[in-house]
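Asks: Give the three-dimensional model of this entry:
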Amino acid sequence: MNKEFAFSIKSIDFDEDYRPSDSTRITTNFANLARGEKRQENLRNTLTMVDNRFNALAHWDNPAGDRYAVKLEIISAEMTMAAARVDQSLPLIEILKTSIVDRKTGECLEGVAGNNFSSYVRDYDFSVRLLEYNRGRSAFSAPDDFGELHGSLFKAFVNSSAYHERFSKPPVICISVSSSKTYYQTGNHHPVLGAEYRQDECSLTDEYFKKMGMKVRYFMPKGSVAPLAFYFFGDLLNDYTSLELISVISTMDTFQKIYRPEIYNANSAAGKSWQPSLEHQDYSLTRIVYDREERSRLGVEQGRFVEEHFIKPYQTLLEQWFVTDARR
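Replies: Take a look at the predicted model:
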C-alpha cells in the first residue's frame, strides 16, 4: 500500500429512518430519495419493493413469499493523503452493501458489496471534464486518458486492507444499460440472472468500468422487463451464491424502476433485439418521488467541488501515484 494515501470506510444503515449526513454526496441516488416531505414514505416503499422482488426470485422453500428481508448499508470510502492536512479526507466512493435476513432460520447472511455506485471523481469526469473536452467539437469523443485516474483510485480501494477487512468478496456493480446501444439475446439463460444479452460495441460507461478493472455482462432476470449491466471482477456466475446474486438484482432492479421507469418499469419487456430509450412513453410510475433533474444539476456541482478540492491541488501527485501505473 502506498504510504502517501490511505482508505477508510464508514457505513450507515439505509432504512426508513435514513437521513443523508452532511458529508454524503448529495448526488447519490438514495440520498435523493431521502429528502422532501415524503422522505420516509419513499424509503419505506423502496425497501418493500426490494424485499418483494427478492422473495419473488428466491421462491424455493418460500411458499408465502415472505421468508427473506434485505438489509442495506451505505458504504462510504474516504481517502486521506499525506500531502493534505491530517484531518482532511475526501469522501471518494459510495456503494451499497446487502445483507439477507432469513426469517425462517433467524440467520443474517452476507450479501454483496457494490450494487449502486457513485463517485466524486466520476462526477468530475462525466459532468465537467467530458463536457469541456467536447465544447466546440463537431463529433463527440473522450480524451485518451479518460477514466484512468478514477480507475486507478477504484482499484486501489478494492485492493486496500480497508476493503478486505470489511468485505469477503469483490464488488458487483449493477446499473442501467446504455441508451445509445442495441442489445441482443444470446440464448444463454442463467437460473438466477435470467436471459443474457450482448452488444457489438462497448459504451463509454463500459470502457470507464474497464479502466476500473471490471468486466461486464448483461442479464434480464425473470420478472424484469429490461436487462441490467453487471460489472464485476472474476467470475460473476460462479463466485457468488444464488442468494447473493438475488440481493443485487432485487436492490438494483428496484432502484432502476424508480430512476429510469421508461426503461425498467415499461409495460412491455425487451425483445430479442432491443435498444433502451428514455423517450419511451409506455411505462408505469412507482409511488416513489425521485428528482432526476436535480440529480443531473448536482452532478455538475459535485464535479466542480472535486476539481477544486482534489484534482487541481493534487494533480501532479495523483498522476505520479495512479495514472502512470494505469498506463504500464
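Asks: Gln275 and Tyr184 touch, don't they?
Replies: No - contact criterion C-beta atoms under 8 Å: Gln275 and Tyr184 do not qualify, at 10.2 Å. C-beta here means a position set from N, CA and C on the backbone, and glycine is covered the same way.
Asks: residue ranges of the strands in the stretch 1-150 of the chain, please?
Replies: 5-13, 68-81, 90-102, 108-119 (DSSP state E, counting those that start in this stretch).
Asks: how about CSV for those strands, with mean pLDDT, distance to Phe167 and mean neighbour count added?
Replies: Shown next, in CSV, are the strands of the stretch 1-150 of the chain (pLDDT from 0 to 100; distance: least, C-beta to C-beta, whole Å; neighbours: other C-beta atoms under 10 Å):
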stretch, mean pLDDT, distance to Phe167, mean neighbour count
strand 5-13, 91, 9, 16
strand 68-81, 92, 9, 20
strand 90-102, 93, 7, 21
strand 108-119, 94, 5, 22
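Asks: so which of these gets nearest Ser268?
Replies: Shortest distance between Ser268 and those, using C-beta to C-beta, is found for strand 108-119: 26.1 Å.
Asks: Does anything pack onto the closest one? Which helices or strands?
Replies: Counting by 3 or more C-beta pairs under 8 Å, 6 or more residues apart in numbering; DSSP states H and E, the packing neighbours recorded for strand 108-119 are helix 29-33, strand 68-81, strand 90-102, strand 172-176, helix 242-259.
Asks: sorry, back to before: so which of the strands of the stretch 1-150 of the chain is nearest Asp253?
Replies: Comparing the strands of the stretch 1-150 of the chain under C-beta to C-beta, the one sitting nearest is strand 108-119, at 10.7 Å.
Asks: Identify all contacting residues around the closest one.
Replies: Outside strand 108-119, the residues that touch it by C-beta atoms under 8 Å, 6 or more residues apart in numbering are 25, 27-30, 70-71, 75, 92-102, 150, 154, 166-169, 171-175, 240, 243-245, 247-248, 251-252, 255.
Asks: Figure out how far it is from the centre of its chain.
Replies: 9 Å (C-alpha atoms, centre = their mean, to the nearest Å).
Asks: hang on, Pro221 packs against Leu57?
Replies: Yes - the criterion here is C-beta under 8 Å, and Pro221 meets it with Leu57 at 6.7 Å.
Asks: more crowded one of these two?
Replies: Just comparing Pro221 and Leu57: by other C-beta atoms under 10 Å the higher neighbour count belongs to Leu57, 26 against 21.
Asks: Does that one touch Lys222 like I think?
Replies: Yes - with contact defined as C-beta under 8 Å, Leu57 reaches Lys222; the gap is 6.9 Å.
Asks: so who does the closest residue to Ala69 other than its chain neighbours touch?
Replies: Distances taken as C-beta to C-beta, 6 or more residues apart in numbering place Val101 nearest to Ala69, at 4.3 Å, with adjacent residues excluded. The contact partners of Val101, by C-beta under 8 Å, 6+ apart, come to 68-71, 107-109.
Asks: one step back: which neighbours do Pro221 and Leu57 have in common?
Replies: In contact with both Pro221 and Leu57: 192, 249, using C-beta under 8 Å, 6+ apart.
Asks: The closest residue to Leu92 other than its chain neighbours bridge partners, please.
Replies: The shortest distance from Leu92 to any non-neighbouring residue, by C-beta to C-beta, 6+ apart, is to Met79 (4.6 Å). Per DSSP bridges, the residues bridged to Met79 are Phe7, Leu90.
Asks: just to revisit the earlier point, using JSON lines, please lay out the strands of the stretch 1-150 of the chain together with distance to Phe146.
Replies: Below are those laid out as JSON lines (distance: least, C-beta to C-beta, whole Å):
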{"stretch": "strand 5-13", "distance to Phe146": "22"}
{"stretch": "strand 68-81", "distance to Phe146": "20"}
{"stretch": "strand 90-102", "distance to Phe146": "18"}
{"stretch": "strand 108-119", "distance to Phe146": "14"}
